[in-house]
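1. Just the structure for this:
(chains A and B)
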2 protein chains.
Amino acid sequence: LKIALDAMGGDKGPAETVKAAVLASKSLGIEIALVGPPELLNAELEKNGASSASVSVVPAGEAIDMEEDRIVQAVRSRRDASINVANQLLREGLAQAVVSAGNTGAVVASAITILGRIRGIERPAVATLLPYNAGRVLLLDIGANPECKPSYLVQFAQMGSVYMEKVVGVKNPRVALLNIGEEAVKGNDLTKEAYDRLSEANINFIGNIEGVRVHKGQAEVVVTDGFTGNIVLKVGEGLADYILEQVRAVVKSSPLFVGASLLMKPALRKALSRLQYDEYGGAYLLGVNGVVVIAHGRADAGAITNAIKVAKAAAESGLIETMRTSLNAAEPAEPAEVAP
Amino acid sequence: LKIALDAMGGDKGPAETVKAAVLASKSLGIEIALVGPPELLNAELEKNGASSASVSVVPAGEAIDMEEDRIVQAVRSRRDASINVANQLLREGLAQAVVSAGNTGAVVASAITILGRIRGIERPAVATLLPYNAGRVLLLDIGANPECKPSYLVQFAQMGSVYMEKVVGVKNPRVALLNIGEEAVKGNDLTKEAYDRLSEANINFIGNIEGVRVHKGQAEVVVTDGFTGNIVLKVGEGLADYILEQVRAVVKSSPLFVGASLLMKPALRKALSRLQYDEYGGAYLLGVNGVVVIAHGRADAGAITNAIKVAKAAAESGLIETMRTSLNAAEPAEPAEVAP
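-> Numbering: from 1, shown residues only, chains lettered A, B, ... in the order given. Below you'll find the model as predicted:
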């Protein structure tokens, strides 16, 4: 199995991506194609003593990192950009998955342009696993589609169901619509219409879910528009930071507390590590013809290694093939004509 | 100062509201008009030994608690409902503020029907203070308007600014638009148009704010549509619960940890109490002709007392009068004609 890693994506650049490539190739027993300027990447590889690792370099230019209104144009005009070359490898079968910590808009635009959408999918979506106490919940879309039609949400639900079933191993995953009340009549125009369509779709739709229950494990797939999903994720990130800062401040406020907390530190760290979005290895782009995983822009080598692990699991699961068949099977069948 | 308390609102009913009335009247030195069925309320008052407290009973019927699609109808047909009678007292000047822990939709519908909107406000909004480390931030709308037009968001921004200035005492509060990126071009159709209008409004608009920064104290007023605002608030509530549960589970996992944490407990509780939305005394309905505060449905006597405190502060601040003048002054002035 070979994974193409966009070596130029992410705030920390090749220093972290190359380290991740070396780590992941060893620990996961896979090949990594590092995509980016060869001189730069070879220099980093030497630093990491990578002679024995199954890491190769595929030449490409710099990453795309611009404001959203020009990203699609940049993706189309800069064919040598690292994310474009990585997706091209995937398209040609020279890699089985792509991982990038680059700008999400650029990764999405490049994947749609080069890999194309799966038949039946109007808009690919970005999905991520959220932490919660009794298992895992997939939230999508978290940013690819700030403006959604009800049909997109139905497709998100179908794609999320396939992902949880094939990659995470949840049978018949429960799908819920993120909303401001449980009753079908609640919400905005989008959720009201989406509710009806989701009820008719070939998925295990359990209805609306309120924000306070998202982390309580009542559904395995939570669908929402990319605006709301992104805000939910980011506010959660900020709130978790805030709470942990408050706890740290209390601990530091007395030498006695420092001592007491040292005892608990390893156990607390373990319990709260699930809150680190990096632990999950980032987000998954669903709906394109290939496995594409987007790591957090701030990802370090460890987080990128986790993203590579997620990409490997998805590539090995046969996700894309299942999605192609399921999505076509999921389309409502024409009613059989009754013979007179 | 007299505050009308909807004694029937809230999941816990008169047992908690009556207790709160007795507490608040004593601790804040104000009069409370308890609105609801007299027999029931007098019985509760006796239990609380309320002879000396400045608490009176104003007869009314039960609370309105129904599904949203029938709430407006229920509010209009049930003139004796406790929230309607409370708002009527405010309208007639027999009380200076209303507090209710009842169904938010019912409180909003009743206030709009009985008190009316402030001139220049298309839609009243529900606002709440969020916790963050360096001060306080007001988030609105958190649920009154699941579907918004750009002009509503501008009015929310104006009302939020006046509230923070008059009631919380923040000079020239910074206003931000909750969005999925900082650039003006980011977001959905609503935020893109609202951004332009907010830039032209007579407020201290600092641009878009991403979810991860909401808790970091970069703006005092954060505006969003009622769908997103409600989801943000509820997801935050669920996430905070989740984190605190994780910490508790770690502490309980060893007798040593129990001992160590006992030391820190009071300090931690104090630091994290700001996360309890109840601490703030609930949400504020902005844009109607009168001070209306909505306590959390799960509020106990302490939380309702806090809500009464908020209502008192708002009533004493001259908020409504300032809002009437500011909102009319905030309308863009006609360009002065230049004499030839």
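2. separation between the residue nearest to residue A:96 when sequence neighbours are not counted and chain B?
-> Leaving aside its sequence neighbours, residue A:96 sits nearest to residue A:315 (C-beta to C-beta, 6 or more residues apart in numbering or on different chains; 4.3 Å). Where you see a C-beta, it was placed from the backbone N, CA and C, and this is true even at glycine. Residue A:315 sits 29 Å away from chain B, going by C-beta to the nearest C-beta, to the nearest Å.
3. Does chain B have contacts with the worst-scoring helix or strand of chain A on mean pLDDT?
-> In chain A, the helix or strand scored least confidently by mean pLDDT, DSSP states H and E is helix A:255-272, which has a mean of 75. Yes - judged by C-beta under 8 Å from any C-beta of the partner chain, helix A:255-272 comes into contact with chain B at A:256, A:257, A:260, A:261, A:263, A:264, A:267, A:268, A:271, A:272.
4. can you tell me which residues contact the residue lying closest to the third one once chain neighbours are set aside?
-> The shortest distance from residue A:260 to any non-neighbouring residue, by C-beta to C-beta, 6+ apart, is to residue B:260 (3.6 Å). If a contact means C-beta atoms under 8 Å, 6 or more residues apart in numbering or on different chains, then residue B:260 has A:260, A:261, A:263, A:264 as its contacts.
5. Surely the residue nearest to residue A:96 is within a strand?
-> No - according to DSSP: H, G, I helix; E, B strand; the rest coil, the state of residue A:315 is helix, so it is not within a strand.
6. How many neighbouring residues does it have?
-> Residue A:315 sits with 23 neighbouring residues when counted by other C-beta atoms under 10 Å in any protein chain shown.
7. pLDDT wise, what is it at?
-> On pLDDT, residue A:315 comes in at 95.
8. Among the contacts of residue B:260, which one lies nearest to chain B?
-> Of all the contacts of residue B:260, chain B sits closest to residue A:260, with 3.6 Å by C-beta to the nearest C-beta.
9. Could you report the distance from the closest one to residue A:272?
-> Using C-beta to C-beta, to the nearest Å, residue A:260 is found at 17 Å from residue A:272.
10. Kindly report the same for residue A:160.
-> For residue A:160, the distance to residue A:272 - C-beta to C-beta - is 26 Å.
11. Looking at those two, which has the bigger crowd around it?
-> Using other C-beta under 10 Å as the criterion, residue A:160 and residue A:272 rank with residue A:160 on top: 27 against 18.
12. Can you tell me the closest non-neighbouring residue to that one?
-> residue A:221 (3.8 Å).
13. these two touch, right, the one you found and residue A:130?
-> No - if you go by C-beta atoms under 8 Å, residue A:221 and residue A:130 don't touch, sitting 10.9 Å apart.
14. In terms of neighbours, single out the busier of those two.
-> Using other C-beta under 10 Å, the more surrounded residue of residue A:221 and residue A:130 is residue A:221, with 29 against 23.
15. Quick check: beta-bridge partners of the more buried one?
-> Going by DSSP bridges, residue A:221 is paired in beta bridges with residue A:138, residue A:175.
16. residues touching it, list them.
-> Shown in contact with residue A:221 (C-beta under 8 Å, 6+ apart): A:137, A:138, A:140, A:157, A:160, A:161, A:163, A:164, A:173, A:174, A:175, A:176.
17. quick one: which helix or strand includes the fifth one?
-> It refers to residue A:160. Secondary structure from DSSP states H and E places residue A:160 in helix A:150-163.
18. For that helix, what is the distance to the chain centroid?
-> With C-alpha atoms, centre = their mean, to the nearest Å as the basis, helix A:150-163 stands 14 Å off its chain's centre.
19. what comes into contact with it?
-> For helix A:150-163, the surrounding residues in contact (C-beta under 8 Å, 6+ apart) are A:120-123, A:125, A:127, A:138, A:140-141, A:145, A:173, A:175, A:177, A:190, A:193-194, A:197-198, A:201-205, A:221, A:223-225, A:284, A:286-287, A:314, A:319, A:322-323, A:326-327, A:330.
20. In that helix, which residues are buried?
-> Neighbour counts over helix A:150-163 (16 or more other C-beta atoms under 10 Å in any protein chain shown) mark A:150, A:152-163 as buried.
21. right, and the pair among these with maximum separation?
-> By the measure C-beta to C-beta, A:150 and A:163 form the most distant pair in these, at 20.5 Å.
22. Over to the residue of the stretch 1-150 of chain A found nearest chain B. Which of the three states is it?
-> Closest residue of the stretch 1-150 of chain A to chain B, C-beta to the nearest C-beta: residue A:146 (4.2 Å). Assigned by three-state DSSP, the conformation of residue A:146 is coil.
23. Same question for residue A:181.
-> For residue A:181, the assignment made with three-state DSSP gives coil.
24. Now list the buried members of the contacts of residue B:260.
-> Buried, going by 16+ other C-beta under 10 Å: A:260, A:261, A:264, out of the contacts of residue B:260.
25. and the second one, what does it touch?
-> Going back to what we said before, that points to residue A:261. Taking C-beta under 8 Å, 6+ apart, we find residue A:261 in contact with A:251, A:268, B:260, B:264.
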